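[1] structure for this input, please:
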Amino acid sequence: MKALPVLVACLSLPWLPVLVLADALIIVDDRGGASALPYYEALNLQPRTVVSAPLIEIPRPPAGVVNEASMLPVRSMRLSPGAVARRVIESPGLPPLFLVGDDQRSRAWLQQRAQRLRELGAVGLVVNITSAETLAALRALVPGLPLSPVAGDDLAERLGLRHYPVLITATGIEQ
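    Numbers count the residues shown, from 1 in each chain. As a prediction, the model looks like this:
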């Protein structure tokens, strides 16, 4: 006899989703006490409507050839050449990278630290550069170091940077 309620409960489980979608509140058993209806009415619940997902427009790739020259010039408004104080950060897994620009300070910094940057396997982000020719000249100063033109404003904001050149590793920021 005790198995009968369990059997009835198991057989009614497939109907559970239908009961959830029911609009009206149906009282199956009332053992006295105060009605919960005023609480539900106070919620002012609206009838359920089917909401379709908004259409997302997928941008088309630009017509023509897309190459590095098409990304130039790069201007990072939050970054300028200047002194950077050394500080500790904790970013486990962050690969070494450095920020430079097309200016005398960055060129001198690159030439002085080229060997260490190579040893670290650091990737260079050129955050202020005007043309493909100036980028090629910067690359010629430090053969073997990857340099890519990238706007650095977001990175500068996240790391609290205002100046470059700078080396960023998983454990610190230094010039």
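[2] list the contacts of residue 96.
    117, 120-123, 167-170 (CB atoms under 8 Å, 6 or more residues apart in numbering). To be clear about C-beta, it is placed using only N, CA and C from the backbone, and glycine gets the same treatment.
[3] and it, how far is that from residue 63?
    Between residue 96 and residue 63 the distance is 37 Å, computed by CB to CB, to the nearest Å.
[4] report the buried residues of the top helix by length along the chain.
    In the chain, with assignment by DSSP state H, the single longest helix is helix 104-120. Within helix 104-120, the residues that count as buried by 16 or more other CB atoms under 10 Å are 105-107, 109-110, 113, 117.
[5] same check, this time on stretch 62-79
    Quick answer for stretch 62-79 (16+ other CB under 10 Å): 72, 74, 76, 79.
[6] can you give me the strands for this protein?
    Per DSSP state E, the chain carries strands over the ranges 80-81, 87-88, 97-101, 123-128, 147-149, 163-164, 166-168, 172-174.
[7] mean neighbour count and distance to residue 141 for the ones you listed - can I get that in TSV?
    TSV is the format used below for the strands of the chain (neighbours: other CB atoms under 10 Å; distance: least, CB to CB, whole Å):
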stretch	mean neighbour count	distance to residue 141
strand 80-81	16	16
strand 87-88	9	27
strand 97-101	25	10
strand 123-128	22	11
strand 147-149	19	9
strand 163-164	22	15
strand 166-168	24	16
strand 172-174	16	20
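[8] next one: the residue nearest the centre of the chain relative to residue 143, how far apart?
    Centroid-nearest residue in the chain, with CA atoms, centre = their mean: residue 154, separated by 10.4 Å. Counting by CB to CB, the gap between residue 154 and residue 143 amounts to 29 Å.
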